[in-house]
Each structure stands twice: as C-alpha cells, then as structure tokens.
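Novice: missing the sequence, but the structure's below:
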C-alpha cells in the first residue's frame with residue numbers, strides 16, 4: 001500500500017515560481033536590513049509638531065526663525081503670534097518656493113493645526129529642512145497675541 005506522489009508538470013512550475021519569489025523576497029529583506037541607513041536618514045526631511053510651550057521657547061530663542069500664519073488676513077488682524085508673517089494658506093500652497101528661503105527655520109500655524117500641517121508637509125517634502133507646526137494651532141496658544 002505504498003502511494004507514490006506524482007507531481008504534474010503544471011504543479012511543478014507553480015511550486016518553482018513560489019520558491020523563486022520566496023528566495024527573491026528573502027534576499028531583498030536581507031539587503032534592506034543590512035543597510036547602514038536609519039529611518040530618519042531615509043526620510044530626506046520631516047516637519048515636527050511642537051506644543052505651544054515649545055513654540056514659545058523657539059520664538060524667544062531663535063532670531064532667525066520665521067513664523068508663518070497661514071490663516072486669513074481678517075484672522076491675522078484679530079491677533080497673531082509675535083513676529084508672525086501673514087501668508088494665507090492658498091498663497092503658501094501655490095507660491096511657497098518663490099516666497100520662502102529653503103535654508104531658514106519655519107514655525108507654521110493656523111487655527112487648529114490642520115492647514116499648517118498640510119503646508120508643513122509640502123515644505124518638508126520639497127527640501128525645507130527645519131519646519132515646525134504649532135500643535136493644535138492658535139486655539140491652543142495661551143500666551144499674548146500681537147494685534
């Protein structure tokens with residue numbers, strides 16, 4: 001009662017294809033894990049969300065920091081962070097490369113943090129190395145505003 005396993009040619013090709021895919025996958029995984037790059041080096045640039053307290057320290061201690069308010073002009077005139085420059089969201093989104101220097105440090109904010117996060121993503125993905133976002137936007141800012 002000995003059964004002999006007979007493999008059809010079609011099944012053999014499928015098994016070989018799976019084996020080749022597995023070998024290639026293992027080789028790629030091994031190659032990628034042996035890389036000396038860290039995750040942060042893989043990302044060219046990234047923005048950072050910071051608390052209002054951290055933003056206050058950043059503004060106080062960095063004279064070369066550019067604070068970008070991406071809200072509307074009316075909202076800006078109602079009150080803004082110290083030394084902020086008005087650059088409405090639509091303008092910032094379309095014309096950032098002609099208006100902003102790549103080497104400078106930027107703190108971006110809006111009302112809630114949503115639009116400023118979008119602008120920060122655009123800036124950082126286009127080679128702006130030092131971009132910060134005020135987490136929660138101006139709504140979370142408990143310090144004095146400039147009017």
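Specialist: In hand now; what should we look at? All figures in this text were calculated on a predicted structure; none of them were measured in a lab.

Novice: what's the spacing between the longest helix that the chain contains and its chain's center?
Specialist: The longest helix of the chain (DSSP state H) is helix 9-33. In terms of CA atoms, centre = their mean, to the nearest Å, the centre of helix 9-33 is found 35 Å from the chain centre.

Novice: which non-adjacent residue is nearest residue 99?
Specialist: Excluding the flanking residues, the one nearest residue 99 by CB to CB, 6 or more residues apart in numbering is residue 87, at 6.9 Å. (C-beta placed from N, C-alpha, C; glycine too.)

Novice: if I look at the one you found, how far off is residue 27?
Specialist: Note on residue 87: its distance to residue 27, by CB to CB, to the nearest Å, is 48 Å.

Novice: okay, these two: which has more neighbours?
Specialist: residue 87 (21 against 10; other CB atoms under 10 Å).

Novice: Does the more buried one touch residue 68 like I think?
Specialist: Yes: counting by CB atoms under 8 Å, residue 87 touches residue 68, with 5.1 Å between them.

Novice: if we can go back for a sec, from residue 110, how far out is the residue nearest to residue 99?
Specialist: As judged by CB to CB, residue 87 and residue 110 stand 11 Å apart.

Novice: list the residues that contact both of these two?
Specialist: By the contact definition CB atoms under 8 Å, 6 or more residues apart in numbering, residue 87 and residue 110 are jointly contacted by 69-70.

Novice: and residue 104, how far is that from residue 57?
Specialist: From residue 104 to residue 57 the distance is 18 Å (CB to CB).

Novice: next structured bit after the lowest-mean-pLDDT helix or strand in the chain?
Specialist: The weakest-scoring helix or strand in the chain, judged by mean pLDDT, DSSP states H and E, is helix 39-42 (a mean of 44). Using DSSP states H and E, the next helix or strand after helix 39-42 towards the C-terminus is strand 48-50.
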